[in-house]
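Participant: Below: sequence and its predicted model.
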Amino acid sequence: LSDRLGNVFDRLKGRGALSEQDVRDAMREIRVALLEADVALPVVRRFIDAVTEKAIGQDVLKSVTPGQQVVKIVDDELVAMLGGGEDADPKDRELNFAAKPPVVIMMVGLQGSGKTTTTAKLGRLIKQKHGKKALMASLDVNRPAAQEQLKVLGEQVEVATLPIVEGQQPVDIARRAMESAKLQAADVLLLDTAGRLHVDEALMAEMKAIASVSAPTEVLLVVDSLTGQDAVNVAQSFTGEVPLTGVVLTRMDGDARGGAALSMRYVTGKPIKFAGTGEKLDAIEAFDPKRVAGRILGMGDVVSLVEKAAETIKADEAEALAKKMAQGKFDLEDLRMQLRQMQNMGGLGMLAGMLPGMKKAKAAMAASNMDDRVLLHMDAIIGSMTPKERKRPELMNAKRKKRVAAGSGTDVQTVNKVLKMHQEMGRAMKQIKKMGGLKGLGALFG
Ligand code: GDP
Ligand code: MG
């Protein structure tokens, strides 16, 4: 039986850490995937370097290969990079209306990227979803009938457009639009600007002048998701000239894999707020980082496989620990190992999910006001004990406690807390035995 336990614990340690070779091998595939998804080359390099550094040394879960594990790490990073991490601000996927009305939203981007269409889509959203009054104005005097185009779209979504005055320059139209928005008591003014086939100085000067007369709350860079290697240039040019607040990625309904999203995010540092998903005026969605990450990597199956493996190993760990406790073999050394796993797995909150039956220990932790920083202290405390003390915590008298406190840079009170926690876990263990050992676990843990 102890052999079997030993095996379980070997498994618990996983397959060891990811070696540099594992990571580099897997990264070759990732690199190809990113390039195929049309992520701009300099961005591919920077992303790969950053993730490689992060991945080396991380533990490999059982039942997946190191390569699959790397894919999971890459996917997590990509999602976080695209704004879907745990610490992401949900406001990043909404329009910012926090300004004195009329709140100005300025659309910028290359010709044909979808600015005019997106302007109308947002006008519709602002009216229907936010219940706000919007006015839209086209400042595009370059392309014949560009202003007319916005007017027609405005009629379709039933949002007012600024009357067209022939021969007026963009900055003057912007001023007139501001006046008109105020007079009409519009909440939001959408400014649709002109684009060029390529970024040039005249365009940038025009954008700058418009921004300075209209003081936009949002400046949204509209980018065709099919933009490949040029994405970096486009993003860089606009970033330097106008105060971008976000990006809209259009034509996500096509077969673009969305690499432009990563390029844009890297270069502008601004959130991707929306995705355009069709020519129809309701075809706009909040940007979905998870979905786009999956599309960019094109390895969604592997990612979900690894996620499943992570869940399994969590369950295995809980079971193995329960077994050991039921055997009465849970000493401070085990506690320490458990603490380390807790740190790796996301702290105290995680333990709750891992061992739903550890109510006593959890209560003890809560009672002693423990937070995740305490885990580090606890590790140091157990580390300062002799092996004998770890096996037989009852040896810990006042003198020994003092010694351990000094050795771990904590105090006797904290040492007591650790011992108490171990005791509580021991008590939970006895209860498990009373309930008929492992067979009773279901009842206790349920
Ligand atoms: P602008 O030059 O930046 O103002 O671009 P337009 O708004 O005039 O759009 C150019 C073309 O792209 C039009 O035919 C639009 O219907 C189309 N378009 C814009 N957004 C999308 C989108 O999200 N999906 C698809 N399929 N077509 C789009
Ligand atoms: Mg246009």
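Facilitator: Thanks, I have the structure now. Ligands and ions are numbered 1, 2, ... in the order given.

Participant: quick one: secondary structure of the residue in the stretch 51-200 of the chain that ligand 2 sits nearest to?
Facilitator: As assessed by C-beta to the ion, ligand 2 sits closest to residue 116 within the stretch 51-200 of the chain, at 3.3 Å. For glycine as for every other residue, the C-beta is placed from the backbone atoms N, C-alpha and C. Residue 116 falls in the helix class when you classify it by DSSP: H, G, I helix; E, B strand; the rest coil.

Participant: How many neighbouring residues does the residue in the chain that ligand 1 sits nearest to have?
Facilitator: Going by C-beta to the nearest ligand atom, ligand 1 is nearest to residue 276 of the chain, at 2.6 Å. Using other C-beta atoms under 10 Å, the number of residues around residue 276 comes to 23.

Participant: ok, now which ones touch the closest residue to it other than its chain neighbours?
Facilitator: Excluding the flanking residues, the one nearest residue 276 by C-beta to C-beta, 6 or more residues apart in numbering is residue 250, at 3.5 Å. Going by C-beta atoms under 8 Å, 6 or more residues apart in numbering, residue 250 touches 113, 114, 117, 118, 222, 223, 224, 225, 275, 276.

Participant: If you drop the residues flanking it in sequence, what lies closest to the second one?
Facilitator: When you say that, I think you mean residue 114. Once flanking residues are discounted, residue 114 sits nearest to residue 250: 3.5 Å by C-beta to C-beta, 6+ apart.

Participant: for the one you found, phi and psi?
Facilitator: phi -100, psi 170 (degrees, to the nearest 10).

Participant: Residue 391 contacts residue 334, doesn't it?
Facilitator: No - when contacts are counted by C-beta atoms under 8 Å, residue 391 is not listed as touching residue 334 (10.2 Å).

Participant: For the two, work out which one has more neighbours and name it.
Facilitator: residue 334 (17 against 12).

Participant: Which positions in this structure make contact with ligand 1?
Facilitator: Within reach of ligand 1 by C-beta under 6 Å from any ligand atom, the chain has these residues: 109, 111-117, 195, 250-251, 253-254, 276-279, 283.

Participant: From those residues, which land in strands?
Facilitator: Applying DSSP state E to those, the entries found in strands are 250, 276.

Participant: okay, which residue of this structure is out on the far edge from center?
Facilitator: Using C-alpha atoms, centre = their mean, the residue of the chain lying farthest from its centre is residue 399. It sits 48.5 Å away.

Participant: and that residue, what element?
Facilitator: helix 398-408 (DSSP states H and E).

Participant: With adjacent residues omitted, what lies nearest to the spatially most central residue of the chain?
Facilitator: Nearest to the mean C-alpha position of the chain, counting by C-alpha atoms, centre = their mean, stands residue 85 at 1.4 Å. Spatial nearest neighbour of residue 85, excluding adjacent residues (C-beta to C-beta, 6+ apart): residue 79 at 6.5 Å.

Participant: Can you mark which positions in the helix or strand hosting the one you found are buried?
Facilitator: Using DSSP H and E, residue 79 sits in helix 66-79. Buried residues in helix 66-79, defined by neighbour count with 16 or more other C-beta atoms under 10 Å: 66-79.

Participant: ditto for stretch 228-244
Facilitator: Going by neighbour count (16+ other C-beta under 10 Å), the buried part of stretch 228-244 is 228, 230, 231, 232, 234, 235, 237, 238, 239, 241, 242, 244.

Participant: now the helices for the stretch 151-300 of the chain?
Facilitator: Secondary structure of the stretch 151-300 of the chain (DSSP state H, counting those that start in this stretch): helices at 170-183, 201-214, 231-241, 259-268, 289-297, 300-326.

Participant: Please identify the deepest-packed of those helices.
Facilitator: helix 259-268 (a mean of 26; mean count of other C-beta atoms under 10 Å).

Participant: what's that one packed up against?
Facilitator: Helix 259-268 makes packing contacts with helix 41-55, strand 218-224, helix 231-241, strand 246-250, strand 272-276, helix 289-297 when contacts are defined by 3 or more C-beta pairs under 8 Å, 6 or more residues apart in numbering; DSSP states H and E.

Participant: how about it as CSV, C-alpha atoms only?
Facilitator: Output of helix 259-268 as CSV, limited to C-alpha atoms (Å, rounded to 0.1, in the frame of the first residue of the first chain):
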residue,chain,number,x,y,z
GLY,A,259,-3.6,38.0,-35.8
ALA,A,260,-4.0,41.8,-36.3
ALA,A,261,-5.6,41.9,-32.9
LEU,A,262,-2.4,40.9,-31.2
SER,A,263,-0.3,43.2,-33.4
MET,A,264,-2.6,46.1,-32.6
ARG,A,265,-2.7,45.4,-28.9
TYR,A,266,1.1,45.2,-28.7
VAL,A,267,1.8,48.3,-30.6
THR,A,268,-1.0,50.6,-29.4
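
Participant: Give me the pLDDT for residue 197.
Facilitator: Residue 197 is assigned 83 on the pLDDT scale.

Participant: And for the one 10 residues further on?
Facilitator: In this model, residue 207 is scored at 95, pLDDT.

Participant: Residues of the stretch 51-200 of the chain that sit close to ligand 2?
Facilitator: 115, 116 (C-beta under 5 Å from the ion).

Participant: which stretches of the stretch 301-446 of the chain have low pLDDT?
Facilitator: Counting by pLDDT under 70, the stretch 301-446 of the chain has low-confidence residues at 301, 313-314, 317-318, 322, 325-326, 328, 341-374, 428-446.

Participant: now with 50?
Facilitator: 346-359, 437-446 (pLDDT under 50).

Participant: Smallest distance to ligand 2 belongs to which residue of it?
Facilitator: Closest point on the stretch 301-446 of the chain to ligand 2, by C-beta to the ion, is residue 303, at 37.5 Å.

Participant: Hmm, residue 291 and that residue touching each other?
Facilitator: No - with contact defined as C-beta under 8 Å, residue 303 does not reach residue 291; the gap is 11.7 Å.

Participant: what are the phi and psi values for the residue nearest to residue 379 when sequence neighbours are not counted?
Facilitator: Using C-beta to C-beta, 6+ apart and skipping the chain neighbours, the partner closest in space to residue 379 is residue 339 (5.5 Å). Dihedral angles of residue 339 (phi, psi; degrees, to the nearest 10) stand at phi -60, psi -40.

Participant: what's near enough to touch the closest residue to residue 324 other than its chain neighbours?
Facilitator: Using C-beta to C-beta, 6+ apart and skipping residues adjacent in sequence, the residue nearest residue 324 is residue 330, 5.5 Å away. Residue 330 makes contact with 321, 324, 422, 425, 426, 429, according to C-beta under 8 Å, 6+ apart.

Participant: Could you measure from residue 330 over to residue 323?
Facilitator: 10 Å (C-beta to C-beta, to the nearest Å).
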